[in-house]
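>>> just the structure for this:
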Amino acid sequence: MEGNETSITQFILLGFPLSPQMQMLLFALFSLFYTFTLLGNGTILGLICLDSRLHTPMYFFLSQLAIVDIAYACNTVPQMLVNLVDPDKPISFAGCMTQTFLFLTFAHTECLLLVVMSYDRYVAICNPLRYSAIMSWRVCITLVVTSWILGVLLALVHLILLLPLPFCGSQKVNHFFCEIIAVLKLTCADTHINELMVLAGAVSVLVGPFSSIVVSYVHILCAILKIQSGHGCQKAFSTCSSHLCVVGLFYGTAIVTYIGPQHGNSKEQKKYLLLFHSLFNPMLNPLIYSLRNNEVKSALKRVLIKESAS
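Okay, the predicted model is just below:
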């Protein structure tokens, strides 16, 4: 048994079992989407850094979301593209464990950042007169740093439980990246505790935060309906609806993937859900915020005018 355990030094990611022609088509499409993800989120980051009018808590949190989305895509997509070109290209054991850890870190952090963003909108709309006092820069930085630290610590728990397990079975991971459930299926030990921790972690960072977001938006909706000014009501609804779209996309796919049934014919469907979660979500987030947010569009116009004038 010991010899078998030490022999597994790399894994093969099965990705998508399609014809070579379809894989090359996917390579072209995913490369394009990956480029859009980096450009879109990079543009959001650049605008927030360059335009002083966007130096507010709301856009500070949005910049952190853009960083997470870039990191999300950079962690999973390059390896997926490599495997579409060369399906037999292995990933090292260390590389696989690192990818698992980073994916969990970014997933947990994004969950917590979306809660922070909903709290920011709640304070801005329900307590506008006290907004500056409540959402001070010290509070904002503390909330962001706490989200990142908790994201790392929660991922570290899964990694600590995963590393001691013996991998003496197949080297083929039935996924397009080293997703933790797919990796656990390759061990030759009891993974009941690991799977329980994945479920417990998913419930704690998905169901709890999502419930708090729903409660926040019930209060926000009541406050918006009381706004007398049509312009003020439209502005409040615009910023909140953008955030709600992002929350719906992120939490919807994550809850179905990790809290839904883990057995049956849905395994392949969940693989495609995670593809949407890790590739399309990060690409769509900047589009949702830029297309539905007048301040972001105005900042982009100002930067473009400034560049053309210079």
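
>>> strands of the stretch 101-250 of the chain, residue ranges please.
172-173 (DSSP state E, counting those that start in this stretch).

>>> where are the low-confidence patches of it?
Low-confidence segments of the stretch 101-250 of the chain (pLDDT under 70): 228-236, 238-239.

>>> would you list every one of the helices in it?
Listed in chain order, the helices of the stretch 101-250 of the chain (DSSP state H, counting those that start in this stretch) span 131-134, 137-162, 180-184, 192-202, 208-225, 230-258.

>>> how many other residues sit next to residue 138?
With neighbours defined by other Cβ atoms under 10 Å, the count for residue 138 comes to 8. For glycine as for every other residue, the C-beta is placed from the backbone atoms N, C-alpha and C.

>>> residue 114 too?
With other Cβ under 10 Å as criterion, residue 114 counts 22.

>>> try residue 198
The local packing count at residue 198 equals 21, with neighbours defined by other Cβ under 10 Å.

>>> give the contact list for the closest residue to it other than its chain neighbours.
Nearest-residue entry for residue 198: residue 180, 6.0 Å, with adjacent residues in sequence omitted and distances by Cβ to Cβ, 6 or more residues apart in numbering. By Cβ atoms under 8 Å, 6 or more residues apart in numbering, residue 180 lies in contact with 100, 103-104, 158, 162, 194, 198.

>>> so which of those residues is the closest to residue 223?
Using Cβ to Cβ, residue 104 comes nearest to residue 223 of these, at 35.2 Å.

>>> I figured that closest one hits residue 160, correct?
No. No contact is recorded between residue 104 and residue 160 when judged using Cβ atoms under 8 Å, the distance being 11.8 Å.

>>> which one's more surrounded, those two?
Taking other Cβ under 10 Å, residue 104 and residue 160 do not tie; residue 104 has more neighbours (24 against 11).

>>> doesn't residue 12 fall inside a strand?
Yes. When the secondary structure is assigned by DSSP: H, G, I helix; E, B strand; the rest coil, residue 12 falls within a strand.

>>> so it touches residue 88, yeah?
Yes. In this structure residue 12 lies within contact range of residue 88 using Cβ under 8 Å: 6.6 Å.

>>> of those two, which one has the most company?
It is residue 12, of residue 12 and residue 88, that has more neighbours when counted by other Cβ under 10 Å, with 15 against 7.

>>> now the more buried one. Nearest residue, chain neighbours left out?
What sits nearest to residue 12 in space, not counting adjacent residues and going by Cβ to Cβ, 6+ apart, is residue 172, at 4.9 Å.

>>> does that neighbour really touch residue 15, like I thought?
No. With contacts counted by Cβ under 8 Å, residue 172 stays clear of residue 15, the gap being 10.4 Å.

>>> when the two are compared, which one has more neighbours?
Here residue 172 and residue 15 are compared on neighbour count by other Cβ under 10 Å; more neighbours surround residue 15, at 22 against 13.

>>> now that one: how far from residue 144?
Distance of residue 15 to residue 144, computed by Cβ to Cβ, to the nearest Å: 34 Å.

>>> please apply the same query to residue 196.
Taking Cβ to Cβ as the measure, residue 196 and residue 144 are separated by 30 Å.

>>> more neighbours: which of those two?
Relative neighbour count places residue 144 above the other of residue 196 and residue 144, with 20 against 11, counting by other Cβ under 10 Å.

>>> that one and residue 60 touch, don't they?
Yes. At 7.4 Å, residue 144 counts as touching residue 60 under the criterion of Cβ under 8 Å.

>>> TSV for the helices of the stretch 101-250 of the chain, including distance to residue 283?
Written out in TSV, the entries for the helices of the stretch 101-250 of the chain read as follows (distance: least, Cβ to Cβ, whole Å):
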stretch	distance to residue 283
helix 131-134	31
helix 137-162	21
helix 180-184	23
helix 192-202	23
helix 208-225	22
helix 230-258	11
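
>>> and those helices, which is most packed in?
Mean neighbour counts were taken over those using mean count of other Cβ atoms under 10 Å, and the top value, a mean of 21, falls to helix 180-184.
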